[in-house]
Each structure stands twice: as C-alpha cells, then as structure tokens.
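A.B. asks: My questions are about this predicted structure, shown below with the sequence.
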Amino acid sequence: VHIQTSRALMVISLLLGFFGIIVSVVGMKCTKVGEEDPVTKSRIAVAGGVLFILCGLCTLAAVSLYATQVTHEFFSASTPINARYEFGSALFVGWGAASLTVLGGSLLCCSCPAKERRGQPYYRQSQPSTAREYV
C-alpha cells in the first residue's frame, strides 16, 4: 500500500512539474508568449512557482513515506535480518530534488512585482556622463 501511494505521489509530482515548466516559461519576461502586460506575466510566473512548490512537496511526501516504511520494517522484529532494506541513494536524491524544487518555486514566487509599482512604467535612472567636454 505504501509503495502504491508513493508511486501515485511521484506521478502527480511529475505532472505538476511538467505543467510548472510550461507555465513558468510562459510567465518569463524574456518570452513573447502571452500578454505583453508585465504584471500579468509575473502573475503567470508566480503560478508556475506555486506548481513547482506543490511538485516538490509531493516528491518530499513520497520519498519520506517510503523512508518511513523502510525504517519501520528495518526495526520490526518480525522481519528477517537478510530481508531488511536500508536507505539507498535514490532516497537522498529524492530529498535533494524535492528541496531544490521547492527552493526554485519559492524564487519564482518572489518575482511578483511590489504593489506600489504595479501599473507604473519602469524608468531607468539616467547616469551622469563621465565623458569630459572640451570647450
């Protein structure tokens, strides 16, 4: 039962990650896909970030559920010594991937513009010229 639940969570995580990539690419400022409004594009990027956070949480839940089951069976007295599983490298890769996915989604969620700058155009501050004028 735990393995089937972990598999289902990983499939959901893969789907969320796939849709997160598509939504995030649409929401990037460097792409011409979608609206030309920067506020709308940033909201789309935030939606992609939320999908990545959900993807990472599903991965974290699946890997942690399987690790809990392995730990429980390892310390069970009814499990023979030669049939006990230990943590493998896939669990550590899963925890690392989940952490990086949540971190990336959080960074995408930070791309939402501040409320006071919404609707206002962005103007570059002019820098004083360093060239000397000869008279």
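C.D. replies: Yep, it's here. Small disclaimer: the values here were computed from a predicted structure and weren't measured.
A.B. asks: all helices for this structure, in order.
C.D. replies: With DSSP state H as the criterion, the chain has helices at 2-27, 38-74, 89-109.
A.B. asks: Same list (the ones you listed) but as JSON lines, adding mean pLDDT.
C.D. replies: Converted to JSON lines, the helices of the chain look like this (pLDDT from 0 to 100):
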{"stretch": "helix 2-27", "mean pLDDT": "93"}
{"stretch": "helix 38-74", "mean pLDDT": "90"}
{"stretch": "helix 89-109", "mean pLDDT": "94"}
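A.B. asks: list the contacts for the closest residue to residue 62 other than its chain neighbours?
C.D. replies: Closest residue to residue 62 apart from its sequence neighbours, by CB to CB, 6 or more residues apart in numbering: residue 9 at 3.7 Å. C-beta coordinates here come from the backbone N, C-alpha and C atoms, glycine included. Contacts for residue 9 (CB atoms under 8 Å, 6 or more residues apart in numbering) come out as 58, 59, 61, 62, 65.
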